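S.K.: Provided below for reference: sequence and predicted model.
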Amino acid sequence: MPVPFIDLNPQFKSIEKEIISASSRVLRSQHFVLADEGRCLEAESAKYLGSKYALGLASGSDALYLALLALGIGAGDEVITSPFSFFATASSITRTGAKVVFADIDPDTFNLDPGKVRAKITHRTRAILPVHLFGLSCDMAAILKIAKKYSLRVVEDAAQSFGASYCGKKTGSLGDIGCFSFYPTKSLGGAGDGGMVSTDSSKLYAKIRLLRNHGSVKKYYHEVIGINSRLDELQAAILRIKLRRLDRWNAQRRRHAKVYDKAFKDLPLKIPVSTKDARSIYHLYTIRTPRRDALAVHLGRQGIGHGVYYPVPLHFQPCYKELRKRRGDYPVSESAALSVLSLPMYAELETKNIKAVIKSVRSFFGART
C-alpha cells in the first residue's frame, strides 16, 4: 500500500466525536464570528505560548501582514527575511509597501544566518522577520541581540512551529510579535485557513485587533483602514480541541524523527539537525542530498509520499525579479532548493509506514535495511 506524505484522516478519527460535538455547538448558537469560541481559543493559546495576548485571524499570511502594519512598517522601510521560505513570508512585507531584503540561511538549520542579517542592515531597516522553518527555532538569541543593537523590531514567522521552543520559551513568544498559521497540514491545523498572532504588548494587540476588523471597534465607525481577517467560530472550536493534544502529537513527531535519524545516519545524506537551545516539532522531516531528484523518482515508484519545500527560492520568483542581481546572490538558499527532500511526517504515522520509508531510502543508496 502507498505511504502518504501526510494523512489527516487518522487524527480526525481519533477526535471525530468531539469535533462534531463542537461544530454542532457553534451551529446551534448561530454565532459564527468574534464570539466565545474565538475568545476562549485566544486565551488558551496565549497561556500555552506564554504570551500575554493572542489574537485569531483569517490566515497565517494575514498574521504576518497585520503584524508589520501594527509596527508601522510601510513605504520607504526595509525588512530583512529569508529567501528560503513560503511565499507569504516575503509577500507580507511587500503588501505593506516596504522593501523585502533577503539574507541567506544557515546550511544546517535552513534558518536565517544572523551574520548575514547583520550585513544587510541599512539606515532604512526597520525589522527582522526570522522564519522557524520546518518546526525548528532560529538562533533567536543572536537575532534579538542584533535587533536590540540596531533598534529593530522582530516579527517571528512561526507558521510551521506551533509548540516548538527555544531556551524553554515557545516560538512566537520571543520577538515583538509571533505569527502562526492554522492551515490543515500544520502541527496545529484547522479545517481550512486560519491564523494567529501573539504578543506581550497591549498596544500592538489593540492595533491588530482593530486592523483585523476593518479598523472598527464600534460598528460602522472606522478609525483606520483595516481588513477583514477574523478567525471564524467553527475553526476556533476545532482548534481548541486540537490544542489540548498538541504536546502529545508533537512528541510523537519527535519520536518518528529519532527513528528516521537512526536509520539514515550512515547514509550519504544530511538529516535534520538539532541544537542545544531549540526543540523542534518536525513540522517537516527534511533531508538533503545532491541526488534529490533521483531519490524522489525512486520513492515515487515505490509509492512513498515526499515533497520539496521549497524548489524555488523567493528571490527567483518572477514577482521579485527586481531583487535578483545574479545567480549565486544567496548560495546557501539556492543550494538547499536543489537538494532538499521532505519525507512522510505526521503524528499518526504508523510504524509499518516508517519502516517502508526507511527501506526505500536505504535501498536507493544501496544500503541494507
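M.R.: Looks like it arrived, so ask away. Residues are numbered from 1 along each chain as shown.

S.K.: now find how far off-centre stretch 24-43 is within its chain.
M.R.: With CA atoms, centre = their mean, to the nearest Å as the basis, stretch 24-43 stands 25 Å off its chain's centre.

S.K.: give me the buried positions along it.
M.R.: Counting neighbours by 16 or more other CB atoms under 10 Å, one finds that the buried residues in stretch 24-43 are 26, 34-35, 37-38, 41-42. For every residue, glycine as well, the C-beta is placed using N, CA and C.

S.K.: and of those residues, the nearest to residue 362?
M.R.: Using CB to CB, residue 41 comes nearest to residue 362 of the buried residues of stretch 24-43, at 42.6 Å.

S.K.: contacting residues for the closest one?
M.R.: Contacts of residue 41 were listed using CB atoms under 8 Å, 6 or more residues apart in numbering, and they are 54, 56, 231, 236-237, 239-240, 243.

S.K.: repeat the analysis, applying 7 Å as the threshold.
M.R.: 56, 236, 239-240 (CB atoms under 7 Å, 6 or more residues apart in numbering).

S.K.: so which of those wins on neighbours?
M.R.: Of all these, the most densely surrounded is residue 236 (29 neighbours; neighbours counted as other CB atoms under 10 Å).

S.K.: taking the contacts of residue 41, tell me the two that lie furthest apart.
M.R.: Spatial extent of the contacts of residue 41 (CB to CB) is set by the pair 56 and 240 at 10.7 Å.

S.K.: in JSON lines, list the buried residues of stretch 24-43 along with secondary structure and pLDDT.
M.R.: What follows is the buried residues of stretch 24-43, written out as JSON lines (DSSP: H, G, I helix; E, B strand; the rest coil; pLDDT from 0 to 100):
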{"residue": "26", "secondary structure": "helix", "pLDDT": "98"}
{"residue": "34", "secondary structure": "coil", "pLDDT": "96"}
{"residue": "35", "secondary structure": "coil", "pLDDT": "97"}
{"residue": "37", "secondary structure": "helix", "pLDDT": "98"}
{"residue": "38", "secondary structure": "helix", "pLDDT": "98"}
{"residue": "41", "secondary structure": "helix", "pLDDT": "98"}
{"residue": "42", "secondary structure": "helix", "pLDDT": "98"}
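
S.K.: circling back to that earlier point, out of the contacts of residue 41, which are inside helices?
M.R.: 236, 239-240 (DSSP state H).

S.K.: tabulate the residues you listed (a markdown table), appending pLDDT and distance to residue 139.
M.R.: Listed next are the ones in helices among the contacts of residue 41 as a markdown table, based on pLDDT from 0 to 100; distance: CB to CB, whole Å:
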| residue | pLDDT | distance to residue 139 |
| --- | --- | --- |
| 236 | 98 | 33 |
| 239 | 98 | 29 |
| 240 | 98 | 32 |
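
S.K.: I'd like those laid out as JSON lines, including distance to residue 143.
M.R.: As requested, those are arranged in JSON lines below (distance: CB to CB, whole Å):
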{"residue": "236", "distance to residue 143": "31"}
{"residue": "239", "distance to residue 143": "28"}
{"residue": "240", "distance to residue 143": "31"}
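
S.K.: so which of the residues you listed comes closest to residue 254?
M.R.: When the ones in helices among the contacts of residue 41 are compared for distance to residue 254 (CB to CB), residue 239 wins out at 21.5 Å.

S.K.: tell me the contacts of the closest one?
M.R.: Residue 239 is in contact with 41, 182, 188, 190, 194, counting by CB under 7 Å, 6+ apart.

S.K.: so which of those belong to helices?
M.R.: Filtering the contacts of residue 239 for helices - DSSP H - leaves residue 41.

S.K.: just give me the closest of the contacts of residue 239 to residue 277.
M.R.: Nearest to residue 277 among those, with distances taken as CB to CB, is residue 188, at 22.3 Å.

S.K.: quick check: phi and psi at residue 158.
M.R.: Backbone torsions of residue 158, given as degrees, to the nearest 10, read phi -110, psi 30.

S.K.: look up how far residue 150 lies from the closest residue in space to it that isn't next to it in sequence.
M.R.: Using CB to CB, 6 or more residues apart in numbering and skipping residues adjacent in sequence, the residue nearest residue 158 is residue 172, 4.0 Å away. In this structure, residue 172 and residue 150 are 22 Å apart, going by CB to CB, to the nearest Å.
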